[in-house]
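> The sequence isn't on hand, but the structure is:
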């Protein structure tokens, strides 16, 4: 299938009205997200490497897991509790002849983050790539509507877990390793209805820049990817039906990205082709400008 045909087939809003309970299931979305099964072609950029991907059961995480596998990497996916989605990711990775370990649990807990890293090192004998991708958000009309517990959960999931995982992973990483953090266009252009989420994404950009400088002498690169709207289970699970219906129409391309359109950026940042790229924020926004 040509790139032009793929572009023509990308779904545009309006989407069917739909809503799910958290954390949402990719298998219940309409239309189903494209994670690259029929389009991504690997070329050995990550041959024999070992990666951890949080939120690897669905959405961007699943697309990255498939792309990494097709580039030659084994992957461990960490996820909350969407077992059916996680097993589908395991299936598609193993279909490529690579190993895939799935671990359920709450990354708000430091002990669980440590267990994720320990399991990856035990299974693969090393750790080359850490992708901090899992996130939580909730749409609220005003600050008065945000429960304190929800604000806490957003920070614990989106930024505390990143700290826990990086702290546990770095001692196992060799020169040439890579850490890739998923931030968001909302880091630079915060949305008032995503107040807590936007604040965590700005924190991720700052954390990425500081950690990149800290780890430069160790030869470990740290970068972040800043997606615009992406069609993942988090959308119908955290937004009102009317927002889901029009999701993505606000960007110049007039549509949300499919997860498959994000994965190549993660591959580049994980590979030695990006050996001089560290501390960077790479926007993938459908034409929406993002200034530092």
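Okay, I see it. Values in this document were obtained by computation on a predicted structure and should not be read as measured data. Residues are numbered from 1 along each chain as shown.
> hmm, who's touching stretch 268-275?
Applying CB atoms under 8 Å, 6 or more residues apart in numbering, the contact partners of stretch 268-275 are 45-46, 49, 51, 68, 71, 73, 128-129, 131, 176, 178, 180, 221, 223, 225, 277, 280, 282. (C-beta placed from N, C-alpha, C; glycine too.)
> Any of these buried? List them.
Buried members of these, counted by 16 or more other CB atoms under 10 Å: 45-46, 49, 51, 68, 71, 73, 128-129, 131, 178, 180, 221, 223, 225, 277, 280, 282.
> mind checking how far the closest residue to residue 99 other than its chain neighbours is from residue 234?
Spatially, and ignoring its direct neighbours in sequence, residue 99 is nearest to residue 74 (4.1 Å; CB to CB, 6 or more residues apart in numbering). Between residue 74 and residue 234 the computed distance is 26 Å (CB to CB, to the nearest Å).
> so who does the spatially most central residue of the chain touch?
In the chain, the residue lying closest to the centroid (CA atoms, centre = their mean) is residue 133, at 3.2 Å. Residues in contact with residue 133 (CB under 8 Å, 6+ apart) are 53, 54, 55, 56, 60, 61, 64, 182.
> out of those, which are inside helices?
60, 61, 64 (DSSP state H).
> Wait, the last one touches residue 264, no?
No: counting by CB atoms under 8 Å, residue 64 stays clear of residue 264, with 9.6 Å between them.
> Give me the more crowded residue out of the two.
residue 64 (34 against 15; other CB atoms under 10 Å).
> Now do the same contact list for the more buried one.
53, 56, 131, 133, 262, 263, 266, 267.
> Which members of these are the farthest-apart pair?
Maximum pairwise distance among the contacts of residue 64 (CB to CB): 14.5 Å, between 56 and 267.
> Residue 291 sits in which helix or strand?
Per DSSP states H and E: residue 291 is located in neither a helix nor a strand.
> Roughly how far does it sit from residue 283?
On the measure of CB to CB, residue 291 and residue 283 end up 10 Å apart.
> In terms of neighbours, single out the busier of these two.
residue 283 (21 against 6).
> For the more buried one, give its distance to residue 201.
12 Å.
> what residues are shared contacts of the two?
By CB under 8 Å, 6+ apart, the residues touching both residue 283 and residue 201 are residue 226.
> contacting residues for residue 234?
Residue 234 neighbours (CB under 8 Å, 6+ apart): 23, 24, 59, 135, 137.
> CSV please, covering these and showing distance to residue 258.
Below are these laid out as CSV (distance: CB to CB, whole Å):
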residue, distance to residue 258
23, 19
24, 16
59, 10
135, 18
137, 19
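> Quickly name whichever of the residues you listed is closest to residue 172.
Ranked by distance to residue 172 (CB to CB), the contacts of residue 234 are led by residue 135 at 23.7 Å.
> measure that closest one to residue 251 for me?
From residue 135 to residue 251 the distance is 19 Å (CB to CB).
> same check, this time on residue 123
Taken as CB to CB, the span from residue 123 to residue 251 is 39 Å.
> Same check on residue 221?
From residue 221 to residue 251 the distance is 28 Å (CB to CB).
> Same check on residue 132?
Distance from residue 132 to residue 251, by CB to CB: 24 Å.
> between the two, who's got more neighbours?
residue 132 (30 against 16).
> Who is that one paired with across the strands?
Residue 132 forms beta bridges with residue 181, as assigned by DSSP bridges.
> Report whether the expected contact of it with residue 161 is present.
Yes: Residue 132 lies in contact with residue 161 (CB under 8 Å); the separation is 7.3 Å.
> Common neighbours of the two, please.
Common neighbours of residue 132 and residue 161, using CB under 8 Å, 6+ apart, are residue 54.
> those strands in the protein, which residues are they?
Secondary structure of the chain by DSSP state E: the strands cover 50-54, 74-79, 100-104, 129-132, 178-182, 221-227, 281-284.
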